[in-house]
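Chemist: got a predicted structure plus its sequence, pasted below:
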Amino acid sequence: MMRYSLLFIFLLSLSLFGCRSGNQSGEGPLSSILPSSTGAADEVMFVIPDQLNTDDTKSIINQSFNKLYRILPKEESIFTISKVDFSAVNSLMYRFRNIVLIANTSENGELLAMAKDILSPEQFAALESGDQSTFLLKNIWSKPQNVIFIFGSSDEALKENIVSSAPTIIERIQETDLVAHKKIAYLNGVNVKLKEQLKTYYNIEWDLPTDYKMAENEGSFISFRKDVPKGMIFIYFDVIEYSGALPDANYGITLRNERGKYVSSNVANSYMSTDSTLGFIETRTERDGIITYETSGLWRMENDFMGGPFINQYIIDNANNRVILLDGFMFAPGEDKKKRYMRQIEGIFSTLNVL
């Protein structure tokens, strides 16, 4: 019996501390036996050497990482951030889903010694030479996990590196943690029948969770609705063929406003429209010849007091002379934390693929 207990302890110690020589795009060598990570999606823990855990350092971290998520009726941050002294971190905390460790390399402390054990020889050489100061690793102590090191040759250099590396780190964590939000969105499975129909008629692959039920269907336009504890989420899908000039970048908002008639309240002549009061957040991406304009902001109900956030994707498929509309929005006046639902909409939209 003692032999089996010792074997268990040995394997546990390997899973917590034996994963070394990670790399920026890969995983630790023992990732297949790693325990599950702790912490929720979009939660980040900063581990700071005790002497650096000052109000100034905390302020730099907050300014760099405590950014707002899109445009919501009530502001919410992208991340939930905690800050911990290096001396207070225990083995369980190293399993945190997103962990950022910062250090001044001139002080040659324990955190730097840990980095030397975890980074590859090539990465540590780049750190010593000053060629690289930030390292994004995966699955070192648990899985899934982002382990990020930020270094500086002095306290001031470290603060500068925290600021300069923040956009890349934010993008990395948002991308990897979207997987967790997708798992929640698809907890009850995918609408297989709809998936087959979209592939047959439009040569499009798209996964819609079974929780969403059809609300409207007119031609190619389909509206889906899901009830949540304190409100409702809607998703629009449509395919519009075009000829002549390519529709401009604002066409997605035009399309969503045209379809606003499908959402109304008990008030006469009420309909949904896009609220431009706070402006929009807009991005453009292109992949495999498919151009996607994404716009997020707020919607409102004309002639009534209703509204909420939306995410609109206007996808240009030039090869087939068509645009694809995805629009997700929610009405949940009693829900203070709307970001989690909007992140699920992001995950649902990410599954669309033009074949």
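Modeler: Perfect, thanks for sending it. Numbers count the residues shown, from 1 in each chain.
Chemist: what's the burial count for residue 124?
Modeler: Residues near residue 124, counting by other C-beta atoms under 10 Å, number 18. All C-beta atoms are positioned from the backbone trio N, CA, C, and that covers glycine.
Chemist: you'd agree it is in a strand?
Modeler: No. Using DSSP: H, G, I helix; E, B strand; the rest coil, the assignment for residue 124 is helix, not a strand.
Chemist: was I right about it contacting residue 117?
Modeler: No. Residue 124 is beyond contact range of residue 117, at 9.3 Å (criterion: C-beta atoms under 8 Å).
Chemist: helices of the protein, start to end?
Modeler: Taking DSSP state H to define them, one finds helices in the chain at 2-17, 55-65, 110-118, 121-129, 155-185, 192-202, 251-258, 339-349.
Chemist: can you add distance to residue 103 and mean pLDDT and give those helices back as a markdown table?
Modeler: Putting these into a markdown table (distance: least, C-beta to C-beta, whole Å; pLDDT from 0 to 100) gives the following:
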| stretch | distance to residue 103 | mean pLDDT |
| --- | --- | --- |
| helix 2-17 | 18 | 41 |
| helix 55-65 | 11 | 97 |
| helix 110-118 | 4 | 94 |
| helix 121-129 | 10 | 96 |
| helix 155-185 | 7 | 97 |
| helix 192-202 | 48 | 97 |
| helix 251-258 | 45 | 94 |
| helix 339-349 | 31 | 98 |
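Chemist: closest to residue 314 out of those?
Modeler: helix 251-258 (2.8 Å; C-beta to C-beta).
Chemist: got the contact list for that closest one?
Modeler: Helix 251-258 has contacts (C-beta atoms under 8 Å, 6 or more residues apart in numbering) with 236, 238, 240, 273-274, 280, 293, 295, 299, 310, 312-314, 323, 325, 327.
Chemist: just those: which are in strands?
Modeler: For those, the ones inside strands are 236, 238, 240, 273-274, 293, 295, 299, 310, 312-314, 323, 325, 327, with DSSP state E as the criterion.
Chemist: one step back: can you tell me which of the contacts of helix 251-258 is nearest residue 189?
Modeler: Among these, residue 236 lies closest to residue 189 (C-beta to C-beta), at 21.4 Å.
Chemist: what residues are up against the nearest residue to that closest one once chain neighbours are set aside?
Modeler: Excluding its sequence neighbours, the residue lying closest to residue 236 (C-beta to C-beta, 6 or more residues apart in numbering) is residue 327, at 4.0 Å. Residues counted as contacts of residue 327 (C-beta under 8 Å, 6+ apart) are 234, 235, 236, 252, 255, 256, 259, 310, 311, 312, 313.
Chemist: what about residue 327, distance to residue 41?
Modeler: Taking C-beta to C-beta, to the nearest Å as the measure, residue 327 falls 23 Å from residue 41.
Chemist: now do residue 83
Modeler: Residue 83 is 19 Å from residue 41, where distance means C-beta to C-beta.
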